[in-house]
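# Sequence first, predicted coordinates after that:
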Amino acid sequence: MSTARKRILWLNFAGFSSIGSSHEVCRLLIITITIELQKRVRAQMVRIMLQPGLDAL
């Protein structure tokens, strides 16, 4: 399942859930977004670290 589809499901869930649990949904969304950002940053860091080695070749 694509991340976009997951987000739509989460938004639907947030819409149908009670106000009490919507805080929990927001927290989970923030965690998910944070993990995605960390993955992207890590991938870029690896590229930056490998670049000098590739240039040397």
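On my side now, so go ahead.
# so where's the chain shaky on pLDDT?
Within the chain, the ranges that satisfy pLDDT under 70 run 1, 8-22, 57.
# Residue nearest the middle of this structure, spatially speaking?
The residue lying closest to the centre of the chain (C-alpha atoms, centre = their mean) is residue 36, at 2.5 Å.
# ok, for that one, nearest residue in space, not its chain neighbours?
In space, and not counting its chain neighbours, residue 36 is closest to residue 3: 7.2 Å by C-beta to C-beta, 6 or more residues apart in numbering. To be clear about C-beta, it is placed using only N, CA and C from the backbone, and glycine gets the same treatment.
# before we move on, the earlier item: and what about the residue nearest to the centre of the chain, helix, strand or coil?
Three-state assignment for residue 36 (DSSP: H, G, I helix; E, B strand; the rest coil): helix.
# Distance check, the residue nearest to residue 36 against residue 42.
Distance, residue 3 to residue 42, by C-beta to C-beta, to the nearest Å: 17 Å.
# swap in residue 28?
Distance of residue 28 to residue 42, given as C-beta to C-beta: 21 Å.
# Which one of those two is surrounded by more residues?
Legend: neighbour count by other C-beta atoms under 10 Å for residue 28 and residue 42, higher for residue 28 (13 against 10).
# mind checking the SS state of the more buried one?
Following three-state DSSP, the label given to residue 28 is helix.
# how about the helices in the protein?
Here the chain has its helices, by DSSP state H, at 3-16, 19-56.
# my guess is the residue nearest to residue 36 meets residue 33, correct?
No - counting by C-beta atoms under 8 Å, residue 3 stays clear of residue 33, with 9.9 Å between them.
# and residue 49, how many residues sit next to it?
Considering only other C-beta under 10 Å, residue 49 is surrounded by 9 other residues.
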